[in-house]
Each structure stands twice: as structure tokens, then as C-alpha cells.
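[1] Structural data only, the sequence is not supplied:
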């Protein structure tokens, strides 16, 4: 498991669909809350269920995607993620709050390949948990994330959103 040990030096980029101010805390587990309570897309739910099943059976030291906060390692990665999967999101530079919290560097593209059958999805899940990449890097962490600033250049400065 990747351990982030220096909270001051570690930062990444988070996409969120709402305005957040510097100092806001992004709590881990929102993706899991949505999947557990409100998911209506059966294919997406099945993919996450398979990812979780493989993690529990074969990668027990990795944190559950259902209990983490998500970030991209670079601004370019966050911009690519937003263009493909979250066109209305704002991009924030964030820092880890809890050094040493369980983390994993994976690739979200392995999680959104469309339905490739159960066997195919299990193989993609193994590749995700091994840290293989297709070009969509993400960091998942059990730590909350603290917003440093909005770095979304096309967005207006909504009431001091940007530093």
C-alpha cells in the first residue's frame, strides 16, 4: 500500500461538482455512500462490487474504494479526468490531512472499461490493485483532503474560491 508520509509536501488535484473554499475538507467515503445507497446504474455498481471483491480476496492491505477520497496526481491528469467523466466539476489543489493513511495509486480507466464480462472485469480489477496504468492515474486515500485552492482556470472566482 502506498503510504503518504509528508502531509505538507504531498498534494494532488480533486474534481468536485460544487464550489469549495480554501481550507474545506473533503471527507473520504462519499463514492461509497453513493454506491451503497443511491446507485441506479447496474453496470457501475457491478464494476465496483467486483473491484471490492477482488480487493478483499487478493489485495487485503489496500483501502476500499468505497471508503476513500479520490485525487489525481497532476493538474493535467485532473483535467483529463474532468473532460472524460465530470464535465461540470471544478478542479482543486488538495493536500492530505492524515499522514500515513492507507492509500493506493491506481488507474481509473481500468474501472470504467465498460462491461467486459465478469471474468474480464475481475482481470481489470487485479490490474487496478496491482497499480497498472492505461493513462488515467488516480490516488485513493483513507485520509481526508484539505482544499488548498481552486486551480480551475476557466472558472470564475466565486466569492474568494481562488487564493
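    Sure, I can see it. This structure is a prediction, so every number in the text was calculated from the model and none was measured.
[2] The closest residue to residue 102 other than its chain neighbours and residue 109, how far apart?
    Once its chain neighbours are removed from consideration, residue 102 has its nearest residue in residue 63; the separation is 4.1 Å (CB to CB, 6 or more residues apart in numbering). C-beta: built from backbone N, CA, C; applies to glycine. Distance of residue 63 to residue 109, given as CB to CB, to the nearest Å: 19 Å.
[3] again, but for residue 56
    To residue 109, residue 56 is 22 Å away according to CB to CB.
[4] My read is that the residue nearest to residue 102 contacts residue 106, right?
    No: counting by CB atoms under 8 Å, residue 106 is not a contact partner of residue 63; they are 10.6 Å apart.
[5] can you list residues touching both of those two?
    Each of residue 140 lies in contact with both residue 63 and residue 106 under the rule CB atoms under 8 Å, 6 or more residues apart in numbering.
[6] Can you pick out the residue with more neighbours from these two?
    Comparing residue 63 with residue 106 by neighbour count (other CB atoms under 10 Å), the higher total belongs to residue 106, at 25 against 21.
[7] can you pull the contacts of residue 80?
    Residues in contact with residue 80, defined by CB under 8 Å, 6+ apart, are 72, 136.
[8] Could you check the strand or helix carrying it and say which residues are buried?
    In this structure, residue 80 is located in helix 75-85 according to DSSP states H and E. By neighbour count with 16 or more other CB atoms under 10 Å, helix 75-85 contains the buried residues 77, 78, 79, 80, 81, 82.
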